[in-house]
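Enquirer: make a model of this:
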Amino acid sequence: MFYETVKRVLDLLVAVILAIIFSPFFLIVPVIIKLTSPGPVFYGQKRVGKNGREFTLYKFRSMVVNADEIIAKDKDLLKKFQDSDWKLDMKDDPRITKFGAFIRTFTIDEFPQILNVFRGEMSVVGPRAYRQEEIKQQLAKYPKARSLMKDILKIKPGITGPWQTSGRNEVPFLQRAKLDAAYYRSRSIWQDILILLKTPKAMLSKW
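Expert: Residues are numbered from 1 along each chain as shown. The predicted model follows:
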């Protein structure tokens, strides 16, 4: 109980600081998105949170409006998407806009997840937020990950976490699941602080 209380206080404190630091992006990015691509500024996607409850994760929209339809209709692209652990290189993904590629490269698209932290659906630090269909597909591919996923879903997903600071997209699903489950099993405020300190370097390494 003590850990959860302190973690929530830390989440709110860090979220307020990030909201202030990133406030210029919340003014500029929406304007550029509107000028460069028709459609809404934000993109909401259902993700699985604590105890398996679904919530809407928010991002700046980096894809065309009909992105889900494009990948659903293109069987070759869908298979490539699934075979690559639900991650496509931006150069191979026709759904991503030019400005979307830019904000993804600098992780700017993820800034609106601060709202999910304020709403209590996410933590600043935690496991990756998976999609329901992604979990089903990956567990069919990696059945040994079932016990890992049970632990992962016992806590809130995070904006950053062990996998994000350990190679991000280059880390395959099974390794991500091991990292996230290990995070849950050894969870502590000190561990969260260490991950927070590693996050800027992980972001800069993509630049």
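Enquirer: low-confidence ranges, this protein, go.
Expert: Residues of the chain meeting the criterion pLDDT under 70: 82-92, 167-170, 205-207.
Enquirer: redo that, cut-off 50
Expert: Within the chain, no stretch falls below the threshold (pLDDT under 50).
Enquirer: strands of that one, start to end?
Expert: For the chain, the strands defined by DSSP state E occupy 42-48, 54-60, 123-125, 158-160.
Enquirer: for those, give me TSV that also has mean neighbour count.
Expert: For the C-beta atoms, the positions are set from N, CA and C on the backbone; glycine is no exception. Below are these laid out as TSV (neighbours: other Cβ atoms under 10 Å):
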stretch	mean neighbour count
strand 42-48	16
strand 54-60	19
strand 123-125	26
strand 158-160	25
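Enquirer: now render the ones you listed as TSV, adding distance to Arg95.
Expert: TSV is the format used below for these (distance: least, Cβ to Cβ, whole Å):
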stretch	distance to Arg95
strand 42-48	11
strand 54-60	13
strand 123-125	28
strand 158-160	22
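Enquirer: for Met149, which of those is the nearest?
Expert: Minimum separation from Met149 across those (Cβ to Cβ) falls at strand 42-48, 9.3 Å.
Enquirer: what helices and strands are in contact with that closest one?
Expert: In terms of contacts (3 or more Cβ pairs under 8 Å, 6 or more residues apart in numbering; DSSP states H and E), strand 42-48 is packed against strand 54-60, helix 132-141.
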